[in-house]
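Enquirer: Kindly generate the corresponding structure for this input.
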Amino acid sequence: MASILAFAGSNSSTSINYELVKYTADKIKDIPVQQLNMVNFPFPMYSEDLEKEEGFSDSLVALSDDIKKAEGLVISVNEHNGNPSAYFKNLIDWLSRLDRSFMEGKKVLLMSTSTGRGGGGRSLSKVEATLPVFGAEITATFSLPSFNHTFSREEEEITDNELKEAHQKALDEFLKTL
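Expert: The predicted model follows:
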């Protein structure tokens, strides 16, 4: 049976991208979803020297194994100054050093959100171009702009009907590929 691994590209304890991941995971029925809160996955800044001295951490190997076991990935990336966060870039650097094809054959629903009107779209487009280098197949994308105005934390729901429909459409497109 297919399984899905869901996580945000942020290690913030108040990540709105992780809130979007949880919302999305709750919408998935009949397929097991493993959610990871990346605040529990601190990794040092990648360097070749550190890799040579210490190798790969157990948590990195476990994360890589979880990615390999899943058929699909739900990832929501945050945006810092128009780019993916340093945390997410660092995570990709470590994972790709462990196995260059760490996303081989994985179907991906790639999302982003931000408090601004761009919804993290610049970061999303950069990550959309990057992940296929490691074997990922981006099957659908979704960007949620103005998170504080389009998402209710109390109701854990997208409040804008057009955006809610676009999210469901992207999720449906992704799920059809599994």
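
Enquirer: burial of residue 100, as a residue count?
Expert: 12 (other C-beta atoms under 10 Å). (Each C-beta comes from the backbone N, C-alpha and C, glycine too.)

Enquirer: wait, is it part of a strand?
Expert: No. Per DSSP: H, G, I helix; E, B strand; the rest coil, residue 100 lies outside any strand segment and is coil.

Enquirer: and the gap between the residue lying closest to it once chain neighbours are set aside and residue 12?
Expert: Using C-beta to C-beta, 6 or more residues apart in numbering and skipping the chain neighbours, the partner closest in space to residue 100 is residue 134 (6.8 Å). Distance of residue 134 to residue 12, computed by C-beta to C-beta, to the nearest Å: 24 Å.

Enquirer: okay, the two: which has more neighbours?
Expert: residue 134 (17 against 14).

Enquirer: hang on, the more buried one packs against residue 101?
Expert: Yes. Contact criterion C-beta atoms under 8 Å: residue 134 and residue 101 qualify, at 6.2 Å.

Enquirer: chain center to stretch 83-92, what's the gap?
Expert: Its chain's average C-alpha position is 11 Å from that of stretch 83-92, according to C-alpha atoms, centre = their mean, to the nearest Å.
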